[in-house]
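Enquirer: next input, structure requested:
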Amino acid sequence: MSETQQEALAVLTEVWRLSPDVRLGQLMAHLGFLGEVHVGKGLGDIEDDEVIAVLYRHRAELQARLQGTPNNSLQPTGAATSVSGSSTRPATGPGG
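Expert: Below is the predicted model:
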């Protein structure tokens, strides 16, 4: 196993620990979605270094959510939904 693959597995472990209620299949689906959004490739076509970038990005999103801090810099332009399915757009009041 290469160092890149070891790093990817280590970050995958961290991501999974940050979201213990997520099943492995769900996590893989999330990563596939993120790969398509951020790299323009599905999991079958994405390179190992690109997977690592997606994993680090997702880890930062999860950490920010757990800390209650905004992570707007991690969202692609125009993104309306996070990987978890929750809206990334601010809630508006009546008429807003």
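
Enquirer: so where's the chain shaky on pLDDT?
Expert: Applying pLDDT under 70 to the chain flags residues 70-96.

Enquirer: now do 50
Expert: Residues of the chain meeting the criterion pLDDT under 50: 74-96.

Enquirer: ok, which stretches of it are strands?
Expert: Here the chain has no strands by DSSP state E.

Enquirer: longest helix in it, by residue count?
Expert: Ranked by residue count, the top helix of the chain under DSSP state H comes out as helix 48-67.

Enquirer: can you list the buried residues in that helix?
Expert: By neighbour count on 16 or more other Cβ atoms under 10 Å, the buried set for helix 48-67 is 50-59, 61-62, 65. Where you see a C-beta, it was placed from the backbone N, CA and C, and this is true even at glycine.

Enquirer: closest to Val11 among the residues you listed?
Expert: For those, the minimum distance to Val11 (Cβ to Cβ) is 4.2 Å, reached by Leu55.
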